[in-house]
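*Asks:* What shape does this take:
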Amino acid sequence: MSNTVVSSLWKRATATGQGGLLSGLDPSAFTTADPLRLWIIQMGIILMMAQLLSLGLGKIKQPKVIAEVLGGILLGPTAMGRIPGFTQHIFPAQSLPYLSLVANIGLCLFLFIVGLEIDASIIKRNVRSSLFIALSAMALSFALGSAISVPLYHNFIPSSVKFTYFMLFTGVSFSITAFPVLCRILTALQLLDTTVGVIVLSAGVCNDVVGWSLLALAVALVNATSGLTALWILLTCVAFTAFLMWPVRIALLWFARFTGSTENGPTMFFMTVTILIFWACSFFTDIVGVNAIFGAFLAGLIVPREGGLAIALTEKLEDMVSIIFLPLYFTLSGLNTNLGLLNNGITWGFTITIICLDFAGKFTACTITARISGMSWRESSTVGSLMSCKGLVELIVLNIGLAAGILTSRVFSMFVFEALILTFMTTPLVSMLYPPERRTRAAVGGISRASTGDPDEDKSDHKSPMNENQPWRSRFTIVLDKFDHMSGMLVATQLVCPPSIESPSATGHRSTVISVDALRLIELSDRTSDVMKSSAVDTLIHTDPLLSVFRTFGELNDIPVSLSLSIIPYDDMPGAVADHAKRYGSQLLLLPWLSPSSNFGNTNEDLQGPKTELNPFEALFGGSKHTGKSAAVIHSQFVRRVFAESKTDVALFIDPAGTGTGSARTHILMSATVVRMTKSSAESAAVERPSLAHLEEKASINIAGFRISNACPFDTFYGQANTEMRFQSETANNILWARYANSQLSEDTPASLSAALSRIKFSEYSSPLPLHSAIQLASAHKPVLVVVGRSRRLAVEDHTAELRQIFEERGSVGQDVIRKTIGDPATAVVASGCATAVVVLQASNVDID
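*Replies:* Numbering: from 1, shown residues only. Below you'll find the predicted structure:
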């Protein structure tokens, strides 16, 4: 009999789906036999609404959670629910259980990720100050919440609800801080490495742990039938937590090491066991009378942090949670929120009072305690503003209270509006109170550092000025952003450093103390894993593969290397590089760049630029300045901005083949040829091959140099070709050329400078096509390193026509971006392919009187 019933139901479900849209059926009609159709429609509407709102709110640096919460409210009875038939057709009551199931699965996964975010080492950094700030703020906020609960209960809550339960939920709602949203605000405002950011992060972790514990207690009391039952629930949760934190956590750490997950990332077996533990914890806390999200949170806490395992685990889960599950939960919350219920003076009066009291409790307590801890008033008020952030965590508390029948729809809407306002005002308030010029960095130099040299040496304040007796640059900053640039930067580093002591030609140069600082740049995105990396920089600086390679390179070549790592948004990288070089006291900043391709224009997206995430909504509404641009173009913009903002001399190392010069063991100081090219007036004259300078036999690297310049605009440009401009340009060139190219050096010339100039051949050539002549000269030797200048502040010769001719001869395209980045001479060399590598130099970007 039962088999017959099942068979008939299956046949009916199958028959219902036949034909579909082609048979005239409404695809949005909800049926329990096939709820997937409507779920997909709901999902599409929710995601599009959240994405559209995040585009606008992202321009004012609001966290994405604001857009998701606001999108859920707009889809509910507050706005679109007022459209006749919208709610009944798109969000019918029969479909909500399916939507709720998926949303609650996502909520458990989100709380699991929140647990992964919390690192006990963060608390240990400032345990006294963070605990003092967090507990004092929670105490005052809980007291104010309990106080306002009295009039709220008498005006809006039915007598069937116990006052103690309502007071407990109100107090928890007031005292909690949204740690996940707080992390994203700190990251967006670049406060993680400031004194304020370190304190707030530690206090936020403490507040989060205590807040979830209070909420668990509140849920246990509500679900218990008596006080004794509530006590048993509480004791059971405490015992279960202890069991997880010690035996299970230790066993999971052993298992992670056994499977190699701490070294190579989580294996499939480890992932399977972790997910089983996660659902088992959620199941247990749910059946004992506490919500399943608390078990998920505890499961995240016990995952090992060793080897970046928690970050790797987060990377595997975060996209699905943030894209699919969380917007669903916010929509469910928005369907229960009706701001239209705030329709009288009493309701609005209480709403404004809730907002003021909640903010005042957090702001006052945190500001005073931070001031007592030794921070300035500006920093203390910033701490108070950040700790007043609410966001998703309060919505979870409110939804639990609504589901338990403790909150009415009106009170629920009042508190949702309060959470939205407080979260929205956090970013502009912090930006006003704590602008970049007022910030104090928590670490030396503002970026986490590690050194292979003397650990007691403070390199950030060390100065090594250049002068006539010490003309050598000795402090270098090397920018590392990806493995594709690594070989070129290793060669560039070895070239700028003096040769080894064993070299007979190196006498007199090893006395200069060389110091190299490798700055590792990692792009910061909206992903949770990137935020976790930002707070774990001290660990990543020792495990990052690029820095490990460079550290080993320094040890093998006896070069003192200090390592720095910065995780920031891509648009902020140029300024961060310039500021870091200035703080480090660098005398030369080395940037990497692969030429776009061997064909000069056919770019390889996998090898260039940042992690560009194309968004169709941004393409339609202009939400991103990078949309539609190749990775090579984006990276060239980064290079140009560094040129424009740097107060340090900059060298751009262009490696056309991407494999280095192949001759790193021959040093740049052994032999070189400096060529001064001038453009003759005879435009119609034939291009003559200039006589080539003969170098020492042991030298395998030649240098062809163009005019020297000492100023830098943002892009290469040409001055007005008049008599005055030409005279200024020629005078500047002649002075510099006479100073170094004169074969008869004065007796006052330092011996070290004389020794260096003795290995350099100076030549002058005049040609109607100087770029062609320079290419011919450089093509005579392989390998050859060509060094050119970028700026043309006093230049009067326009090489546009000749450069266009070179492109036509070589069949190159896409040259405009390259010209703007490295200038015409370097563009001609790269396009011709005559050089093994090219170095583009620019003097420090300072005002010239």
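*Asks:* For the stretch 351-500 of the chain, which segments count as helices?
*Replies:* In the stretch 351-500 of the chain, the helices defined using DSSP state H, counting those that start in this stretch lie at 377-387, 392-403, 409-433, 486-496.
*Asks:* Alpha carbons only: can I get the last one in PDB?
*Replies:* Right, the one you point to is helix 486-496. Taking C-alpha atoms only, helix 486-496 is exported to PDB below (Å, rounded to 0.1, in the frame of the first residue of the first chain):
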ATOM      1  CA  MET A 486      60.400  37.500  -8.800                       C
ATOM      2  CA  SER A 487      63.300  36.600 -11.200                       C
ATOM      3  CA  GLY A 488      63.600  40.100 -12.500                       C
ATOM      4  CA  MET A 489      63.700  41.600  -9.000                       C
ATOM      5  CA  LEU A 490      66.300  39.200  -7.800                       C
ATOM      6  CA  VAL A 491      68.500  40.100 -10.800                       C
ATOM      7  CA  ALA A 492      67.900  43.900 -10.200                       C
ATOM      8  CA  THR A 493      68.800  43.500  -6.500                       C
ATOM      9  CA  GLN A 494      72.000  41.800  -7.400                       C
ATOM     10  CA  LEU A 495      72.900  44.500 -10.000                       C
ATOM     11  CA  VAL A 496      72.400  47.400  -7.600                       C
END
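*Asks:* sorry, back to before: what would the helices of the stretch 351-500 of the chain look like in CSV with mean pLDDT, mean neighbour count and distance to residue 531?
*Replies:* Any C-beta I mention is one placed from the backbone N, CA and C, and that applies to glycine too. Output for the helices of the stretch 351-500 of the chain, formatted as CSV (pLDDT from 0 to 100; neighbours: other CB atoms under 10 Å; distance: least, CB to CB, whole Å):
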stretch, mean pLDDT, mean neighbour count, distance to residue 531
helix 377-387, 95, 25, 15
helix 392-403, 90, 23, 14
helix 409-433, 94, 21, 15
helix 486-496, 87, 22, 26
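*Asks:* Distance to residue 753 added to those, as CSV?
*Replies:* What follows is those, written out as CSV (distance: least, CB to CB, whole Å):
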stretch, distance to residue 753
helix 377-387, 49
helix 392-403, 64
helix 409-433, 50
helix 486-496, 17
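*Asks:* Tell me which of those approaches residue 87 most closely.
*Replies:* Nearest to residue 87, of all those, is helix 409-433, at 14.5 Å by CB to CB.
*Asks:* Tell me which other helices or strands that closest one touches.
*Replies:* helix 64-75, helix 127-156, helix 179-188, helix 345-372, helix 377-387, helix 392-403 (3 or more CB pairs under 8 Å, 6 or more residues apart in numbering; DSSP states H and E).
*Asks:* For the protein, which segments are assigned as strands?
*Replies:* 448-451, 475-480, 515-523, 561-568, 588-594, 650-655, 672-679, 760-767, 785-789, 837-842 (DSSP state E).
*Asks:* Which one of the helices and strands packed on helix 409-433 lies nearest to residue 565?
*Replies:* helix 179-188 (14.9 Å).
*Asks:* what distance separates that closest one from the centre of its chain?
*Replies:* Relative to its parent chain, helix 179-188 has a centroid offset of 12 Å by CA atoms, centre = their mean, to the nearest Å.
*Asks:* Buried residues in that helix, which are they?
*Replies:* 179, 180, 181, 182, 183, 184, 185, 186, 187, 188 (16 or more other CB atoms under 10 Å).
*Asks:* want to throw those residues into JSON lines with distance to residue 74 and pLDDT?
*Replies:* What follows is these, written out as JSON lines (distance: CB to CB, whole Å; pLDDT from 0 to 100):
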{"residue": "179", "distance to residue 74": "26", "pLDDT": "86"}
{"residue": "180", "distance to residue 74": "22", "pLDDT": "86"}
{"residue": "181", "distance to residue 74": "20", "pLDDT": "87"}
{"residue": "182", "distance to residue 74": "25", "pLDDT": "88"}
{"residue": "183", "distance to residue 74": "26", "pLDDT": "84"}
{"residue": "184", "distance to residue 74": "22", "pLDDT": "80"}
{"residue": "185", "distance to residue 74": "23", "pLDDT": "87"}
{"residue": "186", "distance to residue 74": "28", "pLDDT": "85"}
{"residue": "187", "distance to residue 74": "27", "pLDDT": "77"}
{"residue": "188", "distance to residue 74": "23", "pLDDT": "76"}
